[in-house]
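S.K.: missing the sequence, but the structure's below:
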């Protein structure tokens, strides 16, 4: 199946889910304008991204089972994938408000939409809209998985990963408060902590862990005389993979265009604790650091000039050369992640048929989706 066909099949499940959520709203006797608003919230914020997180649940289930999925298996795996996309939408709608972002996925951020089907502007209603996107997750899980033996495991995964992500967001926000940015507090260790909590758990670990639960992979099992703690193994591989993904994201924020990445990069103007600035502070000269202190995160009439000064310093091939640092980082990160994947004991052909054992291909497939990405 082509990448486009895979995406379209996955999107068809979203339409089924959207209809189900709207029908539930109507069954609660919600006013027509509220139903219309929620529908627009779903359509505008949930299906517009690359959908890698959601589709990866389906891909991982198929790899673990090592066979084509039945229609019921595909729907359940896709529904779990769409629950991650709902979680992503919840985070992005609220994060864009906190950051005062301008665009997302090539369109205005939801809170900046001026009119919703003639019902008025979004503005602060986006706060409640983000809560409703999160609430939809648990409604769908209850509707479709309540009778499954792993239902509580699914609930715990979503709750724990959401909490960890919010912890990461807290550290990010207080490290770089919009009204009092002090980049002297930034360093690569703090950046690693933030991205592991804010991004890696929900963007990488969650997709694979949900698939593992659906396939019946136990917490612990024996294989070839070795004790395998399956979810700890997944964590050991996927959290560094998520860190690598966020470093890519930080790099593309400064180096990519809006056409390439679907948004206007704002990390420099916003004073974000980005991998790029942490790397610059680690390897830069005193003069380069001083340029950062004077221009990084400085908003005002001349912010575009200050932003360009930082970019020019990043780009200087004879100086800081952030693209070179990134290329070196990427090669090392991919090699280390592949080494971690190679340490997973592979089940025999007979054992793999059952689908309840880890397989290296599940992790390799995820890594292949993000290596050398441009957006």
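M.R.: Okay, I see it. Computed from a prediction, not measured in an experiment: that's the story for all the values here.

S.K.: what number of residues lie near residue 312?
M.R.: Other residues lying near residue 312 total 12 when counted by other C-beta atoms under 10 Å. Bear in mind the C-beta positions are built from the backbone N, C-alpha and C, glycine included.

S.K.: same check on residue 201?
M.R.: Residue crowding around residue 201 was assessed by other C-beta under 10 Å; the count is 24.

S.K.: residues contacting it?
M.R.: The neighbourhood of residue 201, defined by C-beta atoms under 8 Å, 6 or more residues apart in numbering, consists of 161, 164, 165, 239, 242.

S.K.: could I get the residues you listed as JSON lines with neighbour count?
M.R.: As requested, those are exported to JSON lines (neighbours: other C-beta atoms under 10 Å):
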{"residue": "161", "neighbour count": "21"}
{"residue": "164", "neighbour count": "18"}
{"residue": "165", "neighbour count": "22"}
{"residue": "239", "neighbour count": "19"}
{"residue": "242", "neighbour count": "24"}
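
S.K.: where in the protein is pLDDT low?
M.R.: Along the chain, segments meeting pLDDT under 70 span 349-353, 372, 374-375.

S.K.: for it, what's the longest helix?
M.R.: For the chain, the helix reaching the highest residue count under DSSP state H is reported as helix 71-99.

S.K.: which strands border the next helix or strand after that one, and is each parallel or antiparallel?
M.R.: Next in sequence after helix 71-99, counting helices and strands by DSSP states H and E, comes strand 103-104. Here strand 103-104 has these sheet partners by DSSP bridges: strand 107-108 (antiparallel).

S.K.: what does the partner strand contact?
M.R.: The set of residues external to strand 107-108 that reach it, using C-beta under 8 Å, 6+ apart, is 44, 48, 102.

S.K.: contacting residues for the spatially most central residue of the chain?
M.R.: Most central residue of the chain, judged by C-alpha distance to the mean C-alpha position with C-alpha atoms, centre = their mean, is residue 203 at 3.6 Å. Contact analysis of residue 203 by C-beta under 8 Å, 6+ apart lists 53, 88, 242, 245.

S.K.: what does residue 200 give?
M.R.: Taking C-beta under 8 Å, 6+ apart as the criterion, residue 200 is in contact with 238, 239, 240, 241, 242, 243, 245, 246.

S.K.: ok, and the most crowded of the residues you listed?
M.R.: Looking at the contacts of residue 200 with neighbours defined as other C-beta under 10 Å, the largest count falls to residue 238 at 26 neighbours.

S.K.: state the distance from it to residue 4.
M.R.: Per C-beta to C-beta, to the nearest Å, residue 238 is found 26 Å from residue 4.

S.K.: again with residue 191
M.R.: Applying C-beta to C-beta, the value for residue 191 to residue 4 is 35 Å.

S.K.: compare those two (neighbour count), which wins?
M.R.: More neighbours surround residue 191 than the other of residue 191 and residue 4, with 24 against 8 (other C-beta under 10 Å).

S.K.: surely that one and residue 272 touch.
M.R.: No. Checked against C-beta atoms under 8 Å, the pair residue 191 and residue 272 is beyond contact range at 9.7 Å.

S.K.: for residue 220, phi and psi?
M.R.: Listed backbone geometry of residue 220 is phi -140, psi 140, with angles given as degrees, to the nearest 10.

S.K.: chain neighbours aside, what residue packs nearest to it?
M.R.: When the adjacent residues along the chain are set aside, residue 220 lies closest to residue 229, with 5.4 Å between them (C-beta to C-beta, 6 or more residues apart in numbering).
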